[in-house]
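Student: Mind looking at a prediction? Sequence and model below.
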Amino acid sequence: MKRIYFTAVPLESNFVLKPQPVNPVNFDLTTSVKQVAFPIVPIVDATLQPEDEGVIVAIRQQNSPQNKNMDILRTELDALGKSNWTIRELTVPERQDKDLLLGLFTAMIDCMEDNACYYACMTFGTKTYPVVLFSALSYAEKIRSNTQICGIYYCEIRREEGRPVQANLYDVSALFTLNSLVDLVAGMDCRDKDRMIRTMLEL
């Protein structure tokens with residue numbers, strides 16, 4: 001099985017990541033990883049099986065040739081002791097104009113294939129990144145063949161007196177399915193579509 005993982009990599013000029021204990025909140029996660037800087041790493045550890053082929057798509061803005069956070073991601077993946085993965089690095093300029101965002105979307109869908117499971121972390125990246133990410137995942141689900149969106153994750157860093165004390169990892173895949181739910185109800189022949197959506201959300 002092909003498993004494709006998306007994560008953004010913060011600019012080193014913003015901050016250099018440090019490993020923290022990651023606590024899965026609303027889902028079970030079987031992993032040997034105790035502390036990590038990138039929340040996608042325990043997801044890779046838990047889901048990438050020996051018979052699988054894994055691709056980690058690392059998306060980062062560039063304002064210098066090197067990025068210590070990118071090196072940290074590689075080190076953490078190496079520490080898993082798995083050999084059946086590769087990194088595909090997508091480097092984009094430090095801008096947010098329309099053409100750049102459309103270019104990022106195109107670059108992301110170029111990484112997508114048929115017959116694959118997709119995972120994504122939206123913890124890091126610009127404020128526009130989750131919008132582009134969801135659009136790309138929608139492409140994978142609706143345009144590519146035999147694909148599945150297996151998990152979308154967000155890690156909340158809790159701080160006390162400005163210092164990180166806990167990293168809570170959430171599975172937010174339900175947010176992605178909302179778009180499909182709206183499409184489904186929009187195509188229904190019913191009088192009160194707003195009520196139908198609210199009823200389905202309560203199931």
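Tutor: Happy to help now that I have it.

Student: Go ahead and confirm residue 136 touches residue 107.
Tutor: No. The criterion here is CB atoms under 8 Å, and residue 136 misses it with residue 107 at 9.1 Å. The way it works is simple: take the backbone N, C-alpha and C, and place the C-beta from them, glycine included.

Student: of the two, who's got more company?
Tutor: It is residue 136, of residue 136 and residue 107, that has more neighbours when counted by other CB atoms under 10 Å, with 23 against 17.

Student: Who is residue 166 paired with across the strands?
Tutor: Bridge pairing for residue 166 (DSSP bridges) gives the partners residue 158.

Student: how about low-confidence regions in this structure?
Tutor: For the chain, the stretches with pLDDT under 70 are 13-14, 63-66.

Student: How about residue 90, nearest residue that isn't a chain neighbour?
Tutor: residue 59 (4.7 Å; CB to CB, 6 or more residues apart in numbering).

Student: May I have the residues that are in contact with the one you found?
Tutor: For residue 59, the contact set (CB atoms under 8 Å, 6 or more residues apart in numbering) comprises 6, 7, 8, 9, 90, 92, 104, 108, 125, 129.

Student: Ok, residue 197 next?
Tutor: Taking CB under 8 Å, 6+ apart, one finds 181, 182, 185 in contact with residue 197.

Student: Can you identify the element that follows the helix or strand containing residue 86 toward the C-terminus?
Tutor: Applying DSSP states H and E as the criterion places residue 86 in strand 85-93. Counting by DSSP H and E, the next helix or strand C-terminal to strand 85-93 is helix 98-110.

Student: Can you give the strand pairings for the next helix or strand after that next one, parallel or anti for each?
Tutor: Next along the chain after helix 98-110, taking DSSP H and E as the criterion, comes strand 116-121. In the sheet, strand 116-121 lines up against strand 2-9 (parallel), strand 147-160 (parallel) (DSSP bridges).

Student: contacting residues around the helix or strand just after strand 116-121?
Tutor: Using DSSP H and E, the next helix or strand after strand 116-121 towards the C-terminus is helix 129-142. The contact list for helix 129-142 (CB under 8 Å, 6+ apart) reads 6, 8, 59, 101, 104-105, 108-109, 112, 116, 118, 120, 122, 125, 147-149, 152, 176, 179-180.

Student: Now the buried members of these.
Tutor: Taking 16 or more other CB atoms under 10 Å as the criterion, what is buried in the contacts of helix 129-142 is 6, 8, 59, 101, 104-105, 108-109, 112, 116, 118, 120, 122, 125, 147, 149, 152, 176.

Student: that older thread, tell me how far the residue nearest to residue 90 lies from residue 25.
Tutor: According to CB to CB, to the nearest Å, residue 59 and residue 25 sit 25 Å apart.
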